[in-house]
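*Asks:* I'll drop the sequence and a predicted model, then ask my questions.
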Amino acid sequence: MSRASKDPGKRNYKEVRSTNIRYEHGTVSRNKRAKVLGQGQFRGCTVWFTGLSGAGKTTISFAVEEYLVLKGIAAYSLDGDNLRHGLNKNLGFSADDREENIRRVSETAKLFADGGIICLTSFISPYAKQREEARRLHEEAGLKFIEVHVATPINVCEERDVKGLYQKARAGIIKGFTGIDDPYEAPVNPDITLHSYKDSVADCVQQVVSYLQQQDIVPFDCVDTVRELFVPQHKVEEVKSEAETLPQLEVTKLDTQWIQVLSEGWATPLRGFMRETEYLQTIHFNNIKSVDGSSNQSVPIVLPITGEDKDRLKEEKSVALRYNGKVVAVVRDPEVYEMRKEERCARQWGMVHKEHPYQELVFAAGDWCLGGDLEVIERIKWEDGLDQYRLTPNELRAEFKKRKADAVFAFQLRNPIHNGHALLMTDTRRRLMERGYSNPVLLLHPLGGFTKNDDVPLNVRIEQHHAVMKEGVLDPDSTVMAIFPSPMMYAGPTEVQWHAKARIAAGATYYIVGRDPAGMKHPGTGSDIYEHTHGRKVLTMAPGLGQLSIIPFVVAAYDKTKSKMDFYDSTRHEDFLFISGTKMRTLARTGEEPPPGFMAPSAWEIMSSFYKNLAKQS
């Protein structure tokens with residue numbers, strides 16, 4: 001081995017000083033490394049961010065790294081300043097040292113990529129020949145190299161210059177500064193061009209991840225995209241005409257609610273009613289793995305059919321679905337399989353009881369399921385005066401963007417809002433602002449599908465929610481109220497994962513989870529089916545939901561000393577009054593008033609009128 005002299009004088013990094021060496025090939029394949037990383041396929045590559053100082057390279061690189069890791073994809077960022085604290089600490093900023101800096105980074109990135117990691121490098125790397133050499137190094141090793149030009153104009157970079165480097169360079173204090181007295185050779189044909197001065201960091205992240213998906217480096221579900229299942233507008237009439245010639249299947253209102261859920265993309269990446277493999281993965285693993293990647297899916301979304309329909313449709317290539325005599329969708333390449341109802345109930349609910357409100361529907365339906373890709377002809381409308389509130393995930397994302405929301409926290413409910421709920425929601429916004437967010441927006445998201453008979457009807461709840469906002473208990477300017485179209489299954493911790501996953505599709509980043517979410521009393525014993533804290537605990541551990549931060553429900557009760565709802569203080573237990581849902585309904589039915597400060601007066605009047613009318617009818 002040759003050794004560098006103790007006084008080498010001028011460093012010549014191009015000189016080869018290592019002799020009598022050979023490259024040793026290991027026995028571990030890239031596919032084996034991928035399996036160890038739990039990624040299914042080899043994803044190693046280098047994403048090379050280049051641009052002027054202050055362009056946003058590091059910010060975007062770190063954001064992409066965080067996004068990919070939350071999706072279960074191994075990624076690592078190599079930053080220019082960080083490497084000069086260690087690997088490249090002996091390098092300055094002369095032309096030779098800068099060239100050696102990039103050479104070392106290129107070699108290091110190649111090792112990360114060869115290990116199956118998506119390596120994200122953020123270096124000015126001003127010279128085209130350096131970047132070309134980095135690409136050659138990767139491609140010769142059979143690794144993908146993706147050049148990303150963060151094309152931020154120099155005037156914007158100077159405005160962002162927190163270190164004051166541009167000012168020093170223009171004053172002549174710093175010599176050889178890229179963009180001032182040293183050239184930056186912008187990529188002529190980069191793989192990706194980002195405009196961080198016009199687009200948000202989140203938008204830039206999605207552009208990078210979308211490109212990785214197009215290159216088959218990351219799966220489809222890694223892209224923050226909602227998969228809608230609507231027929232393209234220009235083909236609607238064609239599919240309608242075709243549907244009239246296809247075998248017909250009349251579906252129920254419940255089935256149609258699930259068609260709405262699927263078509264609007266709440267269950268992304270599902271392509272339609274579950275096929276048998278998807279159904280089995282759901283009830284056994286609460287997760288689906290496919291060519292689109294891995295996705296949390298805790299509840300089955302299936303289309304039950306009778307044995308007679310099974311025999312009639314099992315050989316068909318396409319089936320038209322009708323609701324109330326109108327074709328609403330077509331199932332392509334259908335697949336028929338058996339649904340063992342007791343097994344499904346035992347796994348989904350953890351108990352079997354035919355008087356459970358949703359299990360009653362399961363047992364009343366057919367013993368078979370029809371799965372397949374779904375083409376929904378038109379958006380599902382219920383014509384009940386509430387369709388304006390049924391915003392799709394994409395519409396909600398657009399609304400949040402319009403409001404310039406930098407955080408979205410979702411609150412699902414199937415009950416009226418009292419001031420304890422409002423306290424939790426307003427306090428959550430306050431806490432998010434303390435974390436540095438400037439405009440957190442609340443997604444007030446009442447469930448709008450099937451609910452059990454004694455739940456408050458949707459139209460009454462919407463009217464009550466409006467009254468709460470009108471009285472200023474919730475701020476309308478920082479609240480988006482919309483209807484979540486899913487049926488309620490009352491499946492506790494299993495179902496709450498579905499509720500959280502669906503809100504991710506809508507763009508939520510935080511989710512408020514309450515006491516005993518999606519739970520109810522056992523229809524046989526009258527006791528709680530689920531332990532009331534398990535929903536929250538499960539959400540913090542559930543695979544595939546890591547990008548959603550869980551906000552636990554803090555108990556609020558009526559503070560008699562303050563005459564208002566407040567967070568419960570166990571040291572003053574005697575000062576608090578707990579008003580249960582049952583107690584609230586009793587007060588409303590009998591015409592009694594709750595204590596002042598429990599609920600907005602106009603909102604209580606709506607509830608009271610509903611229960612009084614209900615009592616008269618019964």
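*Replies:* Looks like it arrived, so ask away.
*Asks:* quick one, strands of the stretch 151-300 of the chain?
*Replies:* Secondary structure of the stretch 151-300 of the chain, counting by DSSP state E, counting those that start in this stretch: strands at 192-194, 248-250, 272-273, 287-290, 293-296.
*Asks:* most packed of the ones you listed?
*Replies:* strand 272-273 (a mean of 26; mean count of other C-beta atoms under 10 Å). In short, each C-beta sits where N, CA and C put it, glycine included.
*Asks:* Please name the strands paired to that one in the sheet, noting orientation.
*Replies:* Neighbouring strands of strand 272-273 in its sheet, by DSSP bridges, are strand 368-376 (antiparallel).
*Asks:* Just after the strand it pairs with, pick out the following helix or strand.
*Replies:* Scanning forward in sequence from strand 368-376 by DSSP states H and E, the next helix or strand is helix 393-402.
*Asks:* Mind putting the strands of the stretch 151-300 of the chain into a markdown table with mean pLDDT and distance to residue 375?
*Replies:* Converted to a markdown table, the strands of the stretch 151-300 of the chain look like this (pLDDT from 0 to 100; distance: least, C-beta to C-beta, whole Å):
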| stretch | mean pLDDT | distance to residue 375 |
| --- | --- | --- |
| strand 192-194 | 96 | 32 |
| strand 248-250 | 97 | 14 |
| strand 272-273 | 98 | 8 |
| strand 287-290 | 84 | 19 |
| strand 293-296 | 80 | 21 |
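*Asks:* And these: which comes nearest residue 485?
*Replies:* Among the strands of the stretch 151-300 of the chain, strand 272-273 comes nearest to residue 485, with 15.5 Å by C-beta to C-beta.
*Asks:* picking up where we left off before, go through the strands of the stretch 151-300 of the chain and name the closest to residue 412.
*Replies:* strand 293-296 (16.2 Å).
*Asks:* quick one: that closest one to chain centroid distance?
*Replies:* Its chain's C-alpha centre and that of strand 293-296 lie 11 Å apart, by C-alpha atoms, centre = their mean, to the nearest Å.
*Asks:* what's the average pLDDT for the helix or strand that that strand is followed by?
*Replies:* Downstream of strand 293-296, the first helix or strand assigned by DSSP H and E is strand 304-305. Mean pLDDT, strand 304-305: 98.
*Asks:* list the helices and strands strand 304-305 packs on?
*Replies:* Under the contact criterion of 3 or more C-beta pairs under 8 Å, 6 or more residues apart in numbering; DSSP states H and E, strand 304-305 touches strand 368-376.
*Asks:* Show me what counts as buried in the strand it packs on.
*Replies:* 368-376 (16 or more other C-beta atoms under 10 Å).
*Asks:* I'd like these written out as a markdown table, with pLDDT and distance to residue 230 added.
*Replies:* Supplementary listing: these in a markdown table, determined by pLDDT from 0 to 100; distance: C-beta to C-beta, whole Å:
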| residue | pLDDT | distance to residue 230 |
| --- | --- | --- |
| 368 | 98 | 27 |
| 369 | 98 | 23 |
| 370 | 98 | 20 |
| 371 | 98 | 19 |
| 372 | 98 | 16 |
| 373 | 98 | 13 |
| 374 | 98 | 10 |
| 375 | 98 | 8 |
| 376 | 98 | 5 |
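*Asks:* So for residue 311, which of the strands of the stretch 151-300 of the chain sits nearest?
*Replies:* Across those, the minimum distance to residue 311, taken as C-beta to C-beta, is reached by strand 248-250, at 12.8 Å.
*Asks:* So which elements touch that closest one?
*Replies:* Strand 248-250 packs on strand 318-323, going by 3+ C-beta pairs under 8 Å, 6+ apart.
*Asks:* ok now the strand it packs on, how far from the chain's centre?
*Replies:* On C-alpha atoms, centre = their mean, the centre of strand 318-323 falls 31 Å from the chain's centre.
*Asks:* try stretch 310-323
*Replies:* 33 Å.
*Asks:* cool, and stretch 313-328?
*Replies:* That offset, for stretch 313-328, works out to 32 Å (C-alpha atoms, centre = their mean).
*Asks:* Repeat that for stretch 115-129.
*Replies:* Remark: stretch 115-129 is offset 28 Å from the chain centroid, using C-alpha atoms, centre = their mean.
*Asks:* Could you export it as CSV, CA atoms only?
*Replies:* Extracted in CSV, the C-alpha atoms of stretch 115-129 (Å, rounded to 0.1, in the frame of the first residue of the first chain):
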residue,chain,number,x,y,z
GLY,A,115,-27.4,-0.7,0.4
GLY,A,116,-31.0,-0.3,-0.8
ILE,A,117,-31.4,3.2,0.7
ILE,A,118,-32.8,6.2,-1.3
CYS,A,119,-29.9,8.6,-0.8
LEU,A,120,-30.8,12.3,-1.0
THR,A,121,-27.8,14.7,-1.5
SER,A,122,-28.1,18.5,-1.2
PHE,A,123,-24.9,20.2,-2.6
ILE,A,124,-24.5,23.2,-4.7
SER,A,125,-22.3,21.1,-7.0
PRO,A,126,-22.0,24.0,-9.5
TYR,A,127,-20.1,22.3,-12.3
ALA,A,128,-21.8,20.0,-14.8
LYS,A,129,-18.8,17.7,-15.2
